[in-house]
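Trainee: take this sequence and fold it.
(one chain, ligands or ions: 1)
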Amino acid sequence: MTLGVNIDHVAVLREARRVNDPDILNALYVACANGADQITIHLREDRRHIQDIDVKDIIRHSTLPVNLECAIDKDILNIVSSLKPHRATLVPEKREEVTTEGGLDVFTYEDEIRYAIEQLHDSIIPVSLFVDPTIEAMDKSKELGAEMVELHTGSFANIFAMLNSSLSYSNHSIKELQLPRYELQSRLEKSLEDIEIAAKHAKKLGLEVAAGHGLNYHNVSHMMNIQEITELNIGQSIIARSVFSGLAEAVKEMKKLTTR
Ligand code: PXP
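Mentor: Reported below is the predicted structural model:
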């Protein structure tokens, strides 16, 4: 399995202060030196984390392939075409969203996506489409000329989290959180089945298959059981865990420096 480590969140922290700390290139080196097979970054239209210069630097210094996520936006596509990452992953993007909330709508935006793929192919950049795990989306992705699909695992991850939470949701305003466990279990099985069916179908069509969004140390084993998935892109859970695997050392080191 190829592990794509998404280091956007290191830039989120840096942008909170607008200083070069933490340095995104350090994150790149640590990921490269510790088992990542690919670096994944998202150049958002609002530049809330990764900046254009980061993309340039990361592509220049990475010893691993760089998978650059981007929206089907004219300006962004021009930048991506000129920066030449190893692959571009087209994702939906809304300025108001916290993160990428669903797969790319390959039906409503088919002309824009086809054009984007052609533009990227002209720059010799292979293209993956971040899509919901449905047979129809696989067929359309193939028809539009993508080499790869990344299956959106957000729905699976959300149900997994609800099912494994020890919190009581019985009075929660979100209706789904009030569902009984047997219902959540059957939804979890259905979401996994959707991912597996879509992955098998995509592979049959000759598409490479990745998956990502919301994957973490608890739920990732489910993806490992689906043989057709050959790549996972994971960000939030890795960076979140690194805070706690590193915080003790960081406090100890500062305590030493501030002890007379
Ligand atoms: N794959 C794609 C296409 C994404 O947009 C994201 C989020 O930026 C990820 C994977 C990583 O998701 P997470 O941060 O939830 O692991």
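Trainee: and the stretch 151-260 of the chain, which residues reach the ligand?
Mentor: The stretch 151-260 of the chain comes close to the ligand at residues 212-215, 233-237, as judged by C-beta under 6 Å from any ligand atom. For every residue, glycine as well, the C-beta is placed using N, CA and C.
Trainee: just the buried residues of those.
Mentor: For these, a burial check counting by 16 or more other C-beta atoms under 10 Å picks out 212-215, 233-237.
Trainee: take these and keep only those in strands.
Mentor: Mapping these onto strands (DSSP state E) picks out 212, 233-234.
Trainee: quick revisit: which of the buried ones among the residues of the stretch 151-260 of the chain next to the ligand lies closest to residue 82?
Mentor: Taking C-beta to C-beta as the measure, residue 82 lies nearest residue 233 of these, at 23.1 Å.
Trainee: quick one, what contacts the closest one?
Mentor: 4-6, 38, 40, 67, 89, 150, 210-212 (C-beta atoms under 8 Å, 6 or more residues apart in numbering).
Trainee: could you give the average pLDDT over the longest helix that the chain contains?
Mentor: For the chain, the helix with the greatest residue count under DSSP state H is helix 181-204. In this model, helix 181-204 carries a mean pLDDT of 96.
Trainee: contacts for it, please.
Mentor: Taking C-beta under 8 Å, 6+ apart as the rule, helix 181-204 contacts 133-135, 137-139, 141-142, 149, 151, 153, 155-156, 159-160, 162-163, 179, 209, 211, 222-223, 226, 228-229.
Trainee: which stretches of the protein form helices?
Mentor: Counting by DSSP H, the helices of the chain are 8-17, 24-33, 52-61, 74-83, 110-122, 135-144, 154-163, 181-204, 220-224, 236-257.
Trainee: if we can go back for a sec, top of the contacts of residue 233 by neighbour count?
Mentor: Greatest neighbour count in these, by other C-beta atoms under 10 Å, goes to residue 150: 30 neighbours.
Trainee: that one touches residue 210, doesn't it?
Mentor: Yes. The pair residue 150 / residue 210 is scored as a contact, 4.1 Å apart, by C-beta atoms under 8 Å.
Trainee: between the two, which contacts overlap?
Mentor: 128, 231, 233.
Trainee: does the first one touch residue 210 like I think?
Mentor: This points to residue 128. Yes. Counting by C-beta under 8 Å, residue 128 touches residue 210, with 6.4 Å between them.
Trainee: what's the overlap in contacts for these two?
Mentor: By C-beta under 8 Å, 6+ apart, the residues touching both residue 128 and residue 210 are 148-150.
Trainee: orientation of the helix or strand bottoming out on mean pLDDT in the chain relative to helix 181-204 in degrees?
Mentor: Least confident element among the helices and strands of the chain, by mean pLDDT, DSSP states H and E: helix 154-163 (a mean of 93). Per axes from the mean of the first three to the mean of the last three C-alpha atoms, to 10 degrees, the angle that helix 154-163 makes with helix 181-204 is 150 degrees.
Trainee: and helix 154-163, C-alpha only, in CSV?
Mentor: Provided in CSV are the C-alpha atoms of helix 154-163 (Å, rounded to 0.1, in the frame of the first residue of the first chain):
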residue,chain,number,x,y,z
GLY,A,154,-15.5,10.5,4.8
SER,A,155,-18.9,8.9,5.1
PHE,A,156,-17.3,5.6,6.2
ALA,A,157,-15.1,7.4,8.7
ASN,A,158,-18.0,9.4,10.2
ILE,A,159,-20.1,6.3,10.7
PHE,A,160,-17.1,4.5,12.2
ALA,A,161,-16.5,7.4,14.6
MET,A,162,-20.2,7.4,15.7
LEU,A,163,-20.2,3.7,16.2
